[in-house]
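Chemist: Okay, sequence plus prediction incoming.
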Amino acid sequence: MRILIVDDDPLVCQSLQLLLNKENDFTVLGVVSNGQEAVQYCEDVQPELILMDIQMPVLNGIESTKVIKRKWPNIQIMMLTTFQDERNIRLALKAGAQGYLLKSTSIDHMAEQIRALKSGSTVLASDVFQTLMRPDQEIFKGLTERETEIVELVVEGLSNKEIATQLFLSEGTVRNVLSIILDKLELRDRTQLAIHYWQRKNHP
């Protein structure tokens, strides 16, 4: 997996580059210090995944995420930050980030979460998830109990296979139910479903 690190702290960049390059399936292509440089880097060399800080000079991580996802929607973005307030989490996910981890995350766990994100899961640190915990049940108006249960597991970052295992269903059944949920809520995909969940939770 080809990774770009975007952070204005040289020590963070150096540590991440050294540790992630030790993973057999990771290659850190480069390191840049702000969002504008990240956009320019993507113009020249398109990474598969970006580890993106939020607070940076010139162009912050949320604004650069919007630009990158608009221009290169296939590039996956994992926010890696010290901020775990609801506002930054919501803005980052709305901008198009598929993951949100804290810098306190161990490198082993970070590597696992990067792989999970690459496989299609929405990834949130447990502390981040707790910040956004338990929306108003009005969000799920019109959904069955089983559909609501599947939504909650999707939001926790579980894959269809993991949901199927946990609920003793076939993977095909989970896919079908998820398709019904998206139709009912008029949403396009899993990421939009997660954003819908958190937006309604914070603005019931």
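Modeler: That came in fine, so what should we check first?

Chemist: the bottom helix or strand of this protein by mean pLDDT?
Modeler: Across the helices and strands of the chain, mean confidence by mean pLDDT, DSSP states H and E is lowest for helix 126-131: a mean of 68.

Chemist: And the next helix or strand past it?
Modeler: Scanning forward in sequence from helix 126-131 by DSSP states H and E, the next helix or strand is helix 145-155.

Chemist: What average pLDDT does that following helix get?
Modeler: In this model, helix 145-155 carries a mean pLDDT of 85.

Chemist: name the element Trp43 belongs to?
Modeler: Not quite, residue 43 is Glu, not Trp. Glu43 belongs to helix 35-44 when assigned by DSSP H and E.

Chemist: Neighbours of Met110, how many?
Modeler: 22 (other C-beta atoms under 10 Å). (Glycine included, C-beta is placed from N, CA and C.)

Chemist: Double-check that it belongs to a strand.
Modeler: No: secondary structure of Met110 (DSSP: H, G, I helix; E, B strand; the rest coil): helix, not part of a strand.

Chemist: Relative to Leu51, how far out is it?
Modeler: 8 Å (C-beta to C-beta, to the nearest Å).

Chemist: okay, and the common contacts of those two?
Modeler: Leu80 (C-beta atoms under 8 Å, 6 or more residues apart in numbering).

Chemist: that older thread, in the sheet, which strands lie alongside the helix or strand that comes right after the helix holding Glu43, parallel or antiparallel?
Modeler: Using DSSP H and E, the next helix or strand after helix 35-44 towards the C-terminus is strand 49-52. Each strand that pairs with strand 49-52, with its direction, by DSSP bridges: strand 2-6 (parallel), strand 76-81 (parallel).
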